[in-house]
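**Q** for reference, the sequence and a predicted model appear below.
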Amino acid sequence: MGASDTIADYFDFEEYDTDYRTETLAGVTTFLAMAYIIVVNPAILSDAILWDHQAGEFRDEAVINGTTYTGGEIFQMLAVVTILASIAGILVMALYAKRPFGLAPGMGLNAFFTFTVVVILGVPWQLALAAVFVEGLVFIALTAVGARKYVIELFPEPVKFAVGAGIGVFLLFLGLQEMQVVVGYEGTLVTLGNVLESPVAALSLAGLFLTLLLYARGVRGSIVVGIVTTAVSGWLLTLAGVVAPDVLTPDGSYDQVTNEGVVSMLTSVQYDFTPLFWGFVEGLGMITDDPFVFVLVVFTFFFVDFFDTAGTLIGVSQIAGFLDEQGDLPEIEKPLMADAVGTTVGAMIGTSTVTTYIESSAGIEEGGRTGFTALVIGGLFFLALLVVPLMAAIPQYATYLALVVVGIIMLQGVADIDWQDPSWAITAGLTITVMPLTTSIANGLAAGIISYPLVKAGMGEYRDVSLGQWALAVSFICYFVVYFAVEAGRVTF
């Protein structure tokens, strides 16, 4: 038996009726759909390090362990750290869990880390990293003893079957916003963007039409073709002078490419991220300075990440056909361990919570079914280390095409919901709609988990609700009470 057959057997290619070409294409698709995090995560976390607590403003440079670093150097450190943390989680997902899911520092969680914890609460970024590290250790322990699996299996059935459709609407909303097809509007919050005035919207819609046409015709790799074609078209239109720089290309990337040159860009990366590691070590020593704030931060990171990851895993697994008749993912503790390890490693080297990405559904739609897909994603993240500056040249609107396409596909999950049963209809309906309206998978889960026992009790069917499901509902209510109290300033530090 050759090495190729051995690898195929290890990843159970025959069981999932897949092959190397399909799994590789799926991995490339997912990577392209989530590669934006290599640029976006550093942009958000840089603000945490550059925030001056005493002056109450962002600086252009920061002192870490006695050495001054510019904002650009910090950005590149964080880009490298983002890649390494992603690889750590993805390797566990690929080789241990054997699932086709990609992981990286989570959007939303990185913003909470920077703007809520560091800027608003005044917690040093070093201490915030320590909180993420502790959260990761707690996740590892709870996953090892099966506690996370137990809690997720308590989710009401209508919630489990509604998560996929909820994530689909969420992806559609996010993608259309980034493509400027949906824009902000004071009267109704959002409205239709003017395609005639927005080059981004016009090119995005053209790319979306191409992608959907290829998908409808059954062309494998349609999402990859759509992303690459749209991104290249944006650059060609810019270089040809049809549109101004930084309109169809990411801010600053045009000047960097034309003035510095590609070779110069590739040789100017700040790969030494050890200052961030020593910052984490410093944060561990700060825990005893204010234990109450530390525990609150750990609790918030833990709660949001727990349910966000759970919702993502269930949603993308539904599209892949991995769920059983009860809506549970067999051996869910294995992919849960991947995000726990990724979070722990990521905190040690300088980034916020690592989680499973909803963009994984893009690769699943291309046929990815095994850990080999994740292995390809991890390999591409590794290669990205060699071209960190060039990753900034990929426009986000091009990658968000994948979210729109996959979002449409994920809406098929509504067919699994019993809309004739009021307890299912109300619970599932709230789960689906609250996700996009609050831009949070965890909030959508909360709406479903809280409403289910209340509706069941109102129908006189309270015996159908387990004690664990009541406990979950009460836990969410307590979480929101604390969250809103902090947000309203009624709890201060």
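**A** Structure's in. What do you need? Numbers count the residues shown, from 1 in each chain.
**Q** residue contacts, the residue nearest to G327 when sequence neighbours are not counted?
**A** Closest residue to G327 apart from its sequence neighbours, by CB to CB, 6 or more residues apart in numbering: K160 at 3.2 Å. Glycine gets a C-beta too; all of them are placed from N, C-alpha and C. Shown in contact with K160 (CB atoms under 8 Å, 6 or more residues apart in numbering): 314, 318, 323, 326-328.
**Q** try P436
**A** 166, 169-170, 172-173.
**Q** one step back: can you flag the buried ones in the contacts of K160?
**A** Buried members of these, counted by 16 or more other CB atoms under 10 Å: 314, 318, 323, 327-328.
**Q** pick out the most distant pair among those residues.
**A** Spatial extent of the buried ones among the contacts of K160 (CB to CB) is set by the pair Q318 and D328 at 10.8 Å.
**Q** those strands in the chain, which residues are they?
**A** Remark: strands assigned in the chain by DSSP state E are 51-52, 57-58, 61-64, 67-70, 103-105, 182-185, 189-192, 354-356.
**Q** which of the ones you listed comes out lowest on mean pLDDT?
**A** Set side by side, the strands of the chain give their lowest mean pLDDT on strand 57-58, at a mean of 87.
**Q** report all helices and strands that it contacts.
**A** Here strand 57-58 touches strand 51-52, going by 3 or more CB pairs under 8 Å, 6 or more residues apart in numbering; DSSP states H and E.
**Q** repeat that for 10 Å
**A** helix 37-50, strand 51-52 (3 or more CB pairs under 10 Å, 6 or more residues apart in numbering; DSSP states H and E).
**Q** any idea which of those is most buried?
**A** Ranked by mean neighbour count, these are led by helix 37-50 with a mean of 23 (mean count of other CB atoms under 10 Å).
**Q** per-residue pLDDT, the spatially closest residue to V297 that is not a sequence neighbour?
**A** Excluding the flanking residues, the one nearest V297 by CB to CB, 6+ apart is A131, at 4.3 Å. Here, the pLDDT recorded for A131 equals 95.
**Q** count of neighbours near the residue lying closest to L91 once chain neighbours are set aside?
**A** Nearest non-adjacent residue to L91, counting by CB to CB, 6+ apart: G378, 5.7 Å away. G378: 26 surrounding residues under other CB atoms under 10 Å.
**Q** just E15 next, same as before
**A** Quick note: E15 (other CB under 10 Å) scores 10 neighbours.
**Q** who touches N194 in this structure?
**A** N194 is in contact with 180-181, 183, 201-202, counting by CB atoms under 10 Å, 6 or more residues apart in numbering.
**Q** in helices, which of these fall?
**A** Within the contacts of N194, membership in helices is found for 201-202, as judged by DSSP state H.
**Q** just the buried residues of the contacts of N194.
**A** 180-181, 201-202.
**Q** on that earlier part again, the residue nearest to G327 and K334, how far apart?
**A** As judged by CB to CB, to the nearest Å, K160 and K334 stand 18 Å apart.
**Q** and if you look at D272?
**A** D272 is 34 Å from K334, where distance means CB to CB.
**Q** and these two? which has more neighbours close in?
**A** K334 (18 against 11).
**Q** in the protein, where is pLDDT below threshold?
**A** For the chain, applying pLDDT under 70 flags the ranges 1, 255-269, 392, 486-493.
**Q** what's the longest helix in it?
**A** Per DSSP H, the chain has its longest helix at helix 291-320.
**Q** for that one, buried residues please.
**A** Neighbour-count burial for helix 291-320 [16+ other CB under 10 Å]: 293-294, 296-298, 300-320.
**Q** how about stretch 406-423?
**A** Across stretch 406-423, burial judged by 16+ other CB under 10 Å covers 406-411, 413-414, 416-417, 423.
**Q** so what's V228 up against?
**A** By CB under 10 Å, 6+ apart, the contact set of V228 is 28, 32, 207, 221, 394, 398.
**Q** now which of these would you call buried?
**A** Neighbour counting by 16+ other CB under 10 Å classes 28, 32, 207, 221, 394, 398 among the contacts of V228 as buried.
**Q** what number of residues lie near the residue lying closest to T370 once chain neighbours are set aside?
**A** Counting by CB to CB, 6+ apart, T370 lies nearest to F11, which is 4.1 Å off, once chain neighbours are set aside. Per other CB under 10 Å, the neighbour tally for F11 reads 24.
**Q** so F11 is in contact with T373, correct?
**A** Yes. In this structure, F11 is within contact of T373 by CB atoms under 10 Å, at 8.8 Å.
**Q** what do those two both touch?
**A** What both F11 and T373 touch, as defined by CB under 10 Å, 6+ apart, is the set 18, 23, 94, 98, 100.
**Q** next one: the nearest residue in space to the first one that is not next to it in sequence from A33, what distance?
**A** Closest residue to T18 in three dimensions, ignoring its sequence neighbours and counting by CB to CB, 6+ apart: R369, at 5.1 Å. R369 sits 17 Å away from A33, taking CB to CB as the criterion.
**Q** more crowded one of those two?
**A** Of the pair R369 and A33, A33 is the one with more neighbours under other CB under 10 Å, namely 28 against 24.
**Q** so who does the more buried one touch?
**A** 102, 171, 223-224, 227, 357-363, 377, 399-403, 405-406.
**Q** and what of A347?
**A** 85, 105, 128-137, 280, 283, 301, 353-354.
**Q** please list the members of those residues that lie in helices.
**A** Counting by DSSP H, the contacts of A347 contribute 85, 128-137, 280, 283, 301 to helices.
**Q** which residue ranges of the stretch 251-400 of the chain form helices?
**A** Secondary structure of the stretch 251-400 of the chain (DSSP state H, counting those that start in this stretch): helices located at 253-255, 262-266, 274-284, 291-320, 333-349, 360-365, 371-384, 388-391, 396-399.
**Q** out of those, nearest to L454?
**A** helix 291-320 (18.3 Å).
**Q** what angle do helix 274-284 and the closest one make with each other?
**A** 120 degrees (axes from the mean of the first three to the mean of the last three CA atoms, to 10 degrees).
**Q** picking that back up, and the two most separated of the buried residues of stretch 406-423?
**A** For the buried residues of stretch 406-423, and using CB to CB, no pair is farther apart than V406 and S423, which are 28.9 Å apart.
**Q** please identify the deepest-packed of the strands of the chain.
**A** Of those, strand 103-105 is the most buried (mean count of other CB under 10 Å), at a mean of 32.
**Q** which other helices and strands contact it?
**A** helix 37-50, helix 71-92, helix 333-349, strand 354-356, helix 371-384.
**Q** okay, those in CSV with distance to A457 next?
**A** Formatted as CSV, those follow (distance: least, CB to CB, whole Å):
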stretch, distance to A457
helix 37-50, 42
helix 71-92, 39
helix 333-349, 30
strand 354-356, 33
helix 371-384, 42
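**Q** tell me which of these sits nearest to V145.
**A** Closest among the helices and strands packed on strand 103-105, using CB to CB: helix 333-349, at 9.2 Å.
**Q** in that closest one, what counts as buried?
**A** For helix 333-349, using 16+ other CB under 10 Å, the buried residues are 333-349.
**Q** ok, stretch 69-89 next?
**A** Result for stretch 69-89 [16+ other CB under 10 Å]: buried residues 69, 71, 73-89.
**Q** how far is it from where the chain is centred?
**A** Offset of stretch 69-89 from its chain centre (CA atoms, centre = their mean, to the nearest Å): 16 Å.
**Q** one more: stretch 281-294?
**A** 27 Å.
**Q** keeping just the C-alphas, turn it into PDB.
**A** Coordinates of the C-alpha atoms in stretch 281-294 are reproduced here as PDB (Å, rounded to 0.1, in the frame of the first residue of the first chain):
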ATOM      1  CA  VAL A 281       3.700  36.100  30.500                       C
ATOM      2  CA  GLU A 282       3.500  39.600  32.000                       C
ATOM      3  CA  GLY A 283      -0.300  39.300  31.900                       C
ATOM      4  CA  LEU A 284      -0.200  36.100  34.000                       C
ATOM      5  CA  GLY A 285       1.500  38.100  36.700                       C
ATOM      6  CA  MET A 286      -1.300  40.700  36.700                       C
ATOM      7  CA  ILE A 287      -4.100  38.300  37.500                       C
ATOM      8  CA  THR A 288      -4.000  38.900  41.200                       C
ATOM      9  CA  ASP A 289      -4.100  42.700  40.800                       C
ATOM     10  CA  ASP A 290      -7.900  42.600  40.200                       C
ATOM     11  CA  PRO A 291      -9.300  39.100  40.300                       C
ATOM     12  CA  PHE A 292     -12.900  40.100  40.000                       C
ATOM     13  CA  VAL A 293     -12.400  41.900  36.600                       C
ATOM     14  CA  PHE A 294     -10.300  38.900  35.500                       C
END
